[in-house]
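1. could you work out the structure for the sequence below:
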Amino acid sequence: GDSTAGKVPSAVIDALSDDLNTSQVLAELHALRKAGDFAGLKASLDLLGIALPEVATTQVDPALRDRVEAAIVARLDARRAKNFAESDRIRDELAAMGIALKDGKDPATGEPVTTWEAKR
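-> Sure thing, here's the model as predicted:
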């Protein structure tokens, strides 16, 4: 990934200025990540004193990334439908490919979200 810090986005500054509205700051950080604004995300994390470990510059193959993202969407759909057997099957299939999933909630909306990383 790009480890260059950019300018701290005004939305992050506004949230901090609003009586240190940390839940809004976290939502803004998540939005930056989701939008792919890694320079703004890094600048914001630097401002907050949060250091990220340096990540290898090798990129995940775009075809693999697309396949994983599609599987995650299908898995979230299965979870919403309470089809946990299908959700588990997709998770296990991705794990066999060396993909680790992490489930959580979007701090802004409360919607379930899944992030992933290649373990190999």
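2. which stretches of this structure form strands?
-> 99-105, 112-118 (DSSP state E).
3. mean pLDDT lowest for which of these?
-> With a mean of 85, strand 112-118 has the lowest mean pLDDT of those.
4. identify the residues contacting that one?
-> Residues outside strand 112-118 that contact it (C-beta atoms under 8 Å, 6 or more residues apart in numbering) are 60, 64, 68, 72, 75-76, 79-80, 94, 98-106. The way it works is simple: take the backbone N, C-alpha and C, and place the C-beta from them, glycine included.
5. if we can go back for a sec, do you know which of the strands of the chain lies nearest H30?
-> Nearest to H30 among these is strand 112-118; the distance by C-beta to C-beta comes to 8.2 Å.
6. partner strands of the closest one, with direction?
-> Using DSSP bridges, strand 112-118 pairs in its sheet with strand 99-105 (antiparallel).
7. can you lay out the strands of the chain as TSV showing mean neighbour count?
-> As requested, the strands of the chain are exported to TSV (neighbours: other C-beta atoms under 10 Å):
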stretch	mean neighbour count
strand 99-105	13
strand 112-118	14
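8. reformat those strands into JSON lines and put distance to L29 next to each item.
-> Putting the strands of the chain into JSON lines (distance: least, C-beta to C-beta, whole Å) gives the following:
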{"stretch": "strand 99-105", "distance to L29": "13"}
{"stretch": "strand 112-118", "distance to L29": "13"}
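9. K7 is nearest to which of the ones you listed?
-> Closest to K7 of these, according to C-beta to C-beta: strand 112-118, at 24.9 Å.
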